[in-house]
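Undergrad: please find the sequence and the predicted model below.
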Amino acid sequence: MNHPKLLLITASSPEIRRVRRARFLNFQQITMPYLAAFVPPHWQVSHTDEAVEAVNLKTPIDLVAITFHTPSASHVYNLAAGFQQRGIPVALGGPHVTLMPDEAQAHANVIFVGEAEQTWPQFLQDFETGAFACRYCSTSLPSLDRAPLANKELYHRSDLTSGRLFATRGCAFNCDFCTLTVMYQRTVRKRPIAEVAAEYASFRGKVIIFWDDNLAIDKEYAKSLFRAITPYRKWWSSQASIHAGEDDEFLELAARSGCKQFFIGLESISQASMDEVHKRFNRVESYSRIIERIHAHGIAVQAGIVFGFDSDTEAIFDETLDFLESAGVQNATFNILTPYPGTRLYARLEAENRILTHDWSKYNGRNDVVFQPRQMSPEALLAGYRRANQRFYSFTSIARRLSHAPGGFWWTLPLNLAYTLNWKRYYGNAEAHYHC
């Protein structure tokens, strides 16, 4: 092949696209633009992001590669079959493939298990010779030194940001419900700060997203990174553990470098819930103090909240909203506890015969309940989740929360109102879904 044609697909099933439309911000995934940077220059590469465009099964290509999460698995398998019927080899990778490799193998010509910095280039070389394996497994955790810059031309989603990059990968914690523990083996790797700063500077616009799993996992590294990006005078946001709020120097440097918001995985206001899923470092009694310290540096907090832990009763919904409003949390992402395959949570619930369905399209964390909660019905869990969203993005709650939150009113108010309109548009009259 002189110029092999490769189609990269960031998959998103119709069901998960409907779920995500209720959220105003849906940031561009960076996996495929990043992997495109490893493709030899004589290849012709295109990218379809299903969040914004449909896949054309008739595209003249030699190879298709698809990355996907669990809720899109069935959809991806159907896509793969469509391409294979035309004689086009299909490569599958991403979180679900690493979690369920044998299942994915049945629907693909080749799969990638684990991270692909080493295996993806090897496969492309093998593909050109016509002798590629059916499974490529990452046998070691790749170094992130000299990681290539993602192909900016392959970003198609309008997500109100100017650039997306990562500085670190992985998380050292071991929470029962988290897929990162399985995928990255509780190991954290860091890119050289000069390389991150150079990529950060390369984006022309003002608003940047760090796609890190936990930017606070190594605070000394993060502080050095913040110093390096400060001169570029951009605004940025990222995920961080609650430890981000325990170090004033970390927060001061983050704010000075342009940090406008941290997504903090609070998960629950019940300490019993945090203990049961081995996230004991989240000390609920410290939440108010942590949020106040972050706010004191002019940084907004987006709280990650999960409903459905075994300790949760139906009182958890109003109790959580009372706390978020009193703490002045600017934004929140609510999720229904979802036992993804491969996690310890899934294994435990399966052993207890509490998994209600193995239809992966229902594992979306927002529109379906896929397990039997311990202290409420599936219907009550989904209804409570929806009430929490409706209350949080009600005008009364917005006024109450933002009146307690210093700084950022000029952008947090419009963002809250946008979420309010989206929620009412897509879920205002929706019926509950549960599977039993």
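TA: Structure received.
Undergrad: just the strands in the chain please.
TA: 5-10, 44-49, 63-67, 90-93, 110-113, 135-137, 163-165, 168-169, 189-190, 207-210, 235-240, 259-267, 300-307, 331-336 (DSSP state E).
Undergrad: dump these into JSON lines; add mean neighbour count, mean pLDDT and distance to residue 100 as well.
TA: Every residue, glycine included, has its C-beta placed from N, CA and C. Formatted as JSON lines, those follow (neighbours: other Cβ atoms under 10 Å; pLDDT from 0 to 100; distance: least, Cβ to Cβ, whole Å):
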{"stretch": "strand 5-10", "mean neighbour count": "21", "mean pLDDT": "98", "distance to residue 100": "18"}
{"stretch": "strand 44-49", "mean neighbour count": "18", "mean pLDDT": "96", "distance to residue 100": "23"}
{"stretch": "strand 63-67", "mean neighbour count": "25", "mean pLDDT": "98", "distance to residue 100": "14"}
{"stretch": "strand 90-93", "mean neighbour count": "25", "mean pLDDT": "98", "distance to residue 100": "10"}
{"stretch": "strand 110-113", "mean neighbour count": "23", "mean pLDDT": "97", "distance to residue 100": "10"}
{"stretch": "strand 135-137", "mean neighbour count": "16", "mean pLDDT": "97", "distance to residue 100": "13"}
{"stretch": "strand 163-165", "mean neighbour count": "22", "mean pLDDT": "92", "distance to residue 100": "27"}
{"stretch": "strand 168-169", "mean neighbour count": "24", "mean pLDDT": "94", "distance to residue 100": "21"}
{"stretch": "strand 189-190", "mean neighbour count": "18", "mean pLDDT": "94", "distance to residue 100": "24"}
{"stretch": "strand 207-210", "mean neighbour count": "20", "mean pLDDT": "94", "distance to residue 100": "28"}
{"stretch": "strand 235-240", "mean neighbour count": "22", "mean pLDDT": "96", "distance to residue 100": "25"}
{"stretch": "strand 259-267", "mean neighbour count": "22", "mean pLDDT": "96", "distance to residue 100": "24"}
{"stretch": "strand 300-307", "mean neighbour count": "22", "mean pLDDT": "96", "distance to residue 100": "22"}
{"stretch": "strand 331-336", "mean neighbour count": "20", "mean pLDDT": "94", "distance to residue 100": "21"}
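Undergrad: any chance of a markdown table for those strands, columns distance to residue 408?
TA: Output for those, formatted as a markdown table (distance: least, Cβ to Cβ, whole Å):
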| stretch | distance to residue 408 |
| --- | --- |
| strand 5-10 | 30 |
| strand 44-49 | 29 |
| strand 63-67 | 33 |
| strand 90-93 | 37 |
| strand 110-113 | 40 |
| strand 135-137 | 44 |
| strand 163-165 | 20 |
| strand 168-169 | 25 |
| strand 189-190 | 28 |
| strand 207-210 | 13 |
| strand 235-240 | 11 |
| strand 259-267 | 7 |
| strand 300-307 | 5 |
| strand 331-336 | 10 |
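Undergrad: what's the closest of those strands to residue 380?
TA: strand 300-307 (10.2 Å; Cβ to Cβ).
Undergrad: name the strands paired with the closest one and say parallel or antiparallel.
TA: With DSSP bridges as the test, strand 300-307 is paired with strand 259-267 (parallel), strand 331-336 (parallel).
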